[in-house]
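Asker: Sequence and predicted structure below; questions after.
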Amino acid sequence: MIWYFAYGSNMQRETFCGRRGIVCERAVPVRVPGWRVVFDKPPLLPIGEAFANLVPDPAATAIGVAYAVSADDLAHIELTEGVAIGNYRRVTIPVEPLAAVSDGPCEAASLSSDRRDGSLRPSTRYMGLIIAGALEHGLPEPWLAFLRGVPTGAESALASATRPLLDAFMRRRDR
């Protein structure tokens, strides 16, 4: 079992377990000191929208969900997020459960990227998935307010048209 920290749309179980086909043994809401969630990550395909990214910041604390996954599932996550081609890189980060839990995580694997573009905004649809995941896992109200305050834009026609292809690629085929 490996802990994986989700901070974007993977917080939502329907996205993570449903669309992606990842099996998680546990999900624990956590904070990550020394890291910040930003929404300026350009996608692999130039669809004109931004995605979530985790960047180091000693003064910040990120909030999200640590999932207990298998090594195979973590490899699938990294494959579909483009780690092998430099879209993201794996980082090991300290995590602290938001509430007391037995056998909770103290560190997790996550994904970060140096590729950033401040001119891009996430789509309203994408932020809706993130907010739904945050609500599902009972993340704190100040974090929800932060997420709700992220400026968004309409989903691009290209993003909408390519989503079925991306969903097919991201789904585990051996399940």
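Answerer: Happy to help now that I have it.
Asker: contacts and neighbour counts: CA atoms only from here.
Answerer: Fine.
Asker: Tell me the bridge partners for Phe5.
Answerer: Note on Phe5: beta-bridge partners by DSSP bridges are Ala66.
Asker: any idea how far it is from Arg31?
Answerer: Here the criterion is CA to CA, to the nearest Å. By it, Phe5 lies 10 Å from Arg31.
Asker: Which of the helices and strands in the protein ranks last by mean pLDDT?
Answerer: None of the helices or strands of the chain scores lower by mean pLDDT, DSSP states H and E than helix 157-170, at a mean of 67.
Asker: For the nearest residue to Met11 once chain neighbours are set aside, give its distance to Gly86.
Answerer: The shortest distance from Met11 to any residue other than its chain neighbours is 4.7 Å, reached at Gly133 (CA to CA, 6 or more residues apart in numbering). In this structure, Gly133 and Gly86 are 26 Å apart, going by CA to CA.
Asker: Which one of these two is surrounded by more residues?
Answerer: More neighbours surround Gly133 than the other of Gly133 and Gly86, with 25 against 12 (other CA atoms under 10 Å).
Asker: where does the residue of the chain positioned farthest from its centre fall, phi/psi-wise?
Answerer: Relative to the C-alpha centroid of the chain, counting by CA atoms, centre = their mean, Ser102 is the outermost residue, at 24.0 Å. Taking degrees, to the nearest 10, you get phi -80, psi 140 for the backbone angles of Ser102.
Asker: The chain should start at 719 in everything you say after this.
Answerer: In the new numbering, first residue 719, that becomes Ser820.
Asker: which ones are touching the residue nearest to the spatial centre of the chain?
Answerer: Taking CA atoms, centre = their mean, the centroid of the chain lies closest to Gly726, which sits 2.9 Å from it. The neighbourhood of Gly726, defined by CA atoms under 8 Å, 6 or more residues apart in numbering, consists of 769-771, 782, 848.
Asker: Farthest-apart pair in those residues, please.
Answerer: Based on CA to CA, the longest span within those runs between Phe769 and Gly782 and measures 15.0 Å.
Asker: which of these two has more neighbours?
Answerer: Neighbours per residue, other CA under 10 Å: of Phe769 and Gly782, the larger number sits with Gly782, 28 against 19.
Asker: Kindly state the pLDDT recorded for the more buried one?
Answerer: Model confidence at Gly782, expressed as pLDDT, equals 98.
Asker: What sits closest to it if chain neighbours are left out?
Answerer: Using CA to CA, 6+ apart, the closest residue to Gly782 is Tyr725 (4.7 Å).
Asker: Please give the element, helix or strand, for Ala770.
Answerer: strand 769-787 (DSSP states H and E).
Asker: whoops, Pro860 was the one
Answerer: Following DSSP H and E, the helix or strand that holds Pro860 is helix 859-866.
Asker: Done for today, thanks.
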